[in-house]
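K.L.:
using only what follows, build the 3D model:
(chains A and B)
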There are 2 protein chains.
Amino acid sequence: MREVFHQSLEEVQARLVEIAELVTTAIEKATTAFGTSDVTLAEEVIEADSTIDDKALALDELAIEILARQQPVARDLRIVVMSLRVSASLERMGDIAEHIAQLTRMRFPERAIPKGLRSTFTKMGRLDVELAHALTELLRTQNLDLADQIRNADDDVDELHIAVFEKVLSDSWQGEAGATVDATLASRYHERFADHAVSVAKKVVYLATGDWTEAITQP
Amino acid sequence: MREVFHQSLEEVQARLVEIAELVTTAIEKATTAFGTSDVTLAEEVIEADSTIDDKALALDELAIEILARQQPVARDLRIVVMSLRVSASLERMGDIAEHIAQLTRMRFPERAIPKGLRSTFTKMGRLDVELAHALTELLRTQNLDLADQIRNADDDVDELHIAVFEKVLSDSWQGEAGATVDATLASRYHERFADHAVSVAKKVVYLATGDWTEAITQP
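P.N.:
Numbers count the residues shown, from 1 in each chain, chains lettered A, B, ... in the order given. Below you'll find the model as predicted:
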């Protein structure tokens, strides 16, 4: 039974990694499309999101099947419950990448990134991509150094998020209301994406340390 | 064992209702504070959010204990897993009420609701409160008519959300960038609150109909 359970956990882990890879591709394409007004790339992200949703749903079914058939207890049980939460966070990260792609499509052929914020959003986008890569590796390897890296990148994203508002509220801001709306939404999406990555990272750290309360705190 | 399981489920349900009541109070106070620039009321919402977080956490612990001790299968198992997702959504709804309160506090003594959007936000706030009440009753009574009511109110919130953007992007909009940021964020918060209510309602409908795929779709 232990043997079967461990095979099941490996399957869960492999599937989480697979979904994280799809999310990484989504945020890479979404932030690139957002930066370059590439509407074709944006459409790709929007179309691909249903694959992430389907895979998250299939993973939930697998987790429920494991609970039913193998009736894990104690730490094993928490690992399975945690995987349900991780899949929910990854699915949400995919949705956010889709939102960034939708902003790009909505503004096309205009640029979605307002003038004066190009370099800020380029940095935020790069950090979100970096976070997604680190998260995929963390899920694959359980190397906890990556969790620290994710937390640090999230701090950087938070600083840039504040910088966006400072810019928009400064005297030098010359954007129309539309540009202000875009900057506000895009910045919020980038920030939430990073929050979810931290939330998943905390859950993986829990696997190593057993600190459950910290792990299930919402992003 | 069945008897014990049913008592456990009743306990889970009672706790979900209790959390939903706290969320209802939070959104009532938050939207009132937002509409009237009542910073004291806003502070109450911000302080009370940790109670919601704690109760959601305690409910998760109870659900995990039920899984470990009573090893439910089939539909019983899905009910317990679903309760974990409902508690996560309710916790998130509490966070969103807190965000609305924080916007209020941030702008005080100025009004957080930009001019020209007062009546739109009053309606959105009322709908979010109505949704929260209906959701609490739905969790308490499993009366599925309430789920339809929640879906309809969410449609109304979505229309108002679009109306906010139409207003902000219209020629008649005279708000400064700060007002545009506030309108964008506040509208997004009100809309997400309603999305989460629909997501919980779908899960309760699942209890009655068995349509699981629909039930675990993310808000």
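K.L.:
is the residue lying closest to A:Glu11 once chain neighbours are set aside in a helix, a strand, or coil?
P.N.:
Setting aside the residues directly before and after it, A:Glu11 is nearest to A:Leu62 in space (CB to CB, 6 or more residues apart in numbering or on different chains), at 6.8 Å. The way it works is simple: take the backbone N, C-alpha and C, and place the C-beta from them, glycine included. At A:Leu62 the chain is in helix, as set by DSSP: H, G, I helix; E, B strand; the rest coil.
K.L.:
any idea which element A:Ala183 lies in?
P.N.:
Secondary structure from DSSP states H and E places A:Ala183 in helix A:177-209.
K.L.:
quick one, what contacts the most centrally placed residue in chain A?
P.N.:
The residue lying closest to the centre of chain A (CA atoms, centre = their mean) is A:Met93, at 3.5 Å. A:Met93 makes contact with A:Val23, A:Ala26, A:Ile27, A:Ala132, A:Phe193, A:His196, A:Ala197, according to CB atoms under 8 Å, 6 or more residues apart in numbering or on different chains.
K.L.:
which one of those residues is nearest to A:Pro114?
P.N.:
Lowest distance from A:Pro114 to the contacts of A:Met93 (CB to CB) belongs to A:Phe193, with 19.1 Å.
K.L.:
isn't that closest one right up against A:Ile96?
P.N.:
Yes - look at A:Phe193 against A:Ile96 with CB atoms under 8 Å: they come within range, at 4.7 Å.
K.L.:
find the nearest non-adjacent residue to A:Thr25, please.
P.N.:
Distance criterion CB to CB, 6+ apart; nearest residue to A:Thr25, sequence neighbours excluded, is A:Ala48 at 7.5 Å.
K.L.:
measure how buried that neighbour is and give me the count.
P.N.:
Using other CB atoms under 10 Å in any protein chain shown, A:Ala48 has 18 other residues around it.
K.L.:
now do the residue nearest to A:Glu11 against chain B, distance only.
P.N.:
Distance, A:Leu62 to chain B, by CB to the nearest CB, to the nearest Å: 12 Å.
K.L.:
can you check A:Ala74 too?
P.N.:
7 Å.
K.L.:
what is the burial count for that residue?
P.N.:
A:Ala74: 9 neighbours (other CB under 10 Å).
K.L.:
can you tell me how far it is from A:Ala68?
P.N.:
From A:Ala74 across to A:Ala68, the span is 17 Å (CB to CB, to the nearest Å).
K.L.:
who in chain A is up against chain B?
P.N.:
A:53, A:57, A:60, A:64, A:67-68, A:71, A:73-74, A:77-78, A:81, A:84-85, A:88, A:91-92, A:95, A:165, A:168-169, A:173, A:175, A:177-178, A:180-181, A:184-185, A:188, A:213, A:216-218 (CB under 8 Å from any CB of the partner chain).
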